[in-house]
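Student: here are the coordinates; sequence isn't available:
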Ligand code: 5GP
């Protein structure tokens, strides 16, 4: 279901980076951000705990469950989801829609639920989805474990979600493989897609 009003009024482009936890979405966005400061990189909200090396307001806005639920009630999210069966994650409506309205390039990572919500809210011409594939599950497991200490249950949850997410890779506009040790190739591929899509805007 597309919103005709949005279709005619928005000139920017939203790039959604989709793919399982550990597929390298964050790294790819960090690299692009380092090179292209003119794009908009909205910071999502989450109720999960901050990991070592993360910063409030940089990686996420870390808020309490009660605060998140208040934002839901006040209709502040474009989309939100419970990810890996425990924590809320959500993108702020105004942080995404305002830049799109003024013609900006917006880049955000979301899980597959976020993608499924947003594809029904933002018209096709304003949305580009890029799925980051990891073909080797052992490789993915290693990556998730290297990111910090998590319980066996959380690891199982993440691997379970990964399998479900992979099944939807074909729903995205583009698919990019992120092979272990080849992050540079992956970043270059995502960058190529973004630049080619920006060209179509003019
Ligand atoms: P992490 O806890 O590893 O930072 O993120 C867990 C998962 O939540 C990742 O797949 C990440 O892409 C996803 N995620 C991050 N921000 C959002 C968001 O605003 N909305 C949704 N739906 N998922 C998000």
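Tutor: Looks like it arrived, so ask away. Treat the numbers as computed from the prediction; the structure is a model and nothing was measured.
Student: switch to C-alpha atoms for all contacts and neighbour counts from now on
Tutor: OK.
Student: number of residues surrounding residue 72?
Tutor: 16 (other C-alpha atoms under 10 Å).
Student: so where do the strands sit in the chain?
Tutor: For the chain, the strands defined by DSSP state E occupy 13-18, 45-46, 61-62, 77-83, 87-92, 105-109, 127-133, 174-177.
Student: could you dump the ones you listed to JSON lines with mean pLDDT?
Tutor: Output for the strands of the chain, formatted as JSON lines (pLDDT from 0 to 100):
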{"stretch": "strand 13-18", "mean pLDDT": "98"}
{"stretch": "strand 45-46", "mean pLDDT": "98"}
{"stretch": "strand 61-62", "mean pLDDT": "98"}
{"stretch": "strand 77-83", "mean pLDDT": "96"}
{"stretch": "strand 87-92", "mean pLDDT": "97"}
{"stretch": "strand 105-109", "mean pLDDT": "98"}
{"stretch": "strand 127-133", "mean pLDDT": "97"}
{"stretch": "strand 174-177", "mean pLDDT": "96"}
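Student: Throw those into CSV and include mean neighbour count and distance to the ligand, thanks.
Tutor: Converted to CSV, these look like this (neighbours: other C-alpha atoms under 10 Å; distance: least, C-alpha to the nearest ligand atom, whole Å):
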stretch, mean neighbour count, distance to the ligand
strand 13-18, 26, 7
strand 45-46, 24, 6
strand 61-62, 19, 10
strand 77-83, 19, 5
strand 87-92, 20, 4
strand 105-109, 22, 5
strand 127-133, 23, 11
strand 174-177, 18, 15
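Student: quick one: the longest helix that the chain contains to strand 105-109, angle?
Tutor: Taking DSSP state H as the criterion, the chain has its longest helix at helix 183-199. Inter-element angle recorded for helix 183-199 and strand 105-109: 140 degrees (by axes from the mean of the first three to the mean of the last three C-alpha atoms, to 10 degrees).
Student: tell me where the model's unsure across this protein.
Tutor: Low-confidence segments of the chain, defined by pLDDT under 70, are located at 1-8.
Student: residue numbers of it in contact with the ligand?
Tutor: Residues of the chain lying close to the ligand by C-alpha under 6 Å from any ligand atom are 20-21, 44, 80-81, 83, 89-91, 109-111, 113-114.
Student: mind listing what's buried in the longest helix of the chain?
Tutor: For helix 183-199, the buried set under the neighbour-count rule, 16 or more other C-alpha atoms under 10 Å, comprises 186, 187, 189, 190, 191, 193, 194.
Student: between the residues you listed, which is nearest residue 59?
Tutor: residue 187 (19.0 Å; C-alpha to C-alpha).
Student: spit out the contact partners of the closest one.
Tutor: 28, 31, 32 (C-alpha atoms under 8 Å, 6 or more residues apart in numbering).
Student: so can I have TSV of these showing neighbour count?
Tutor: Below are the contacts of residue 187 laid out as TSV (neighbours: other C-alpha atoms under 10 Å):
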residue	neighbour count
28	23
31	14
32	19
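Student: filter those residues down to just the ones in helices.
Tutor: Checked against DSSP H, the contacts of residue 187 include these in helices: 28, 31, 32.
Student: wait, isn't residue 110 in contact with residue 17?
Tutor: Yes. Residue 110 is within contact range of residue 17, at 6.4 Å (criterion: C-alpha atoms under 8 Å).
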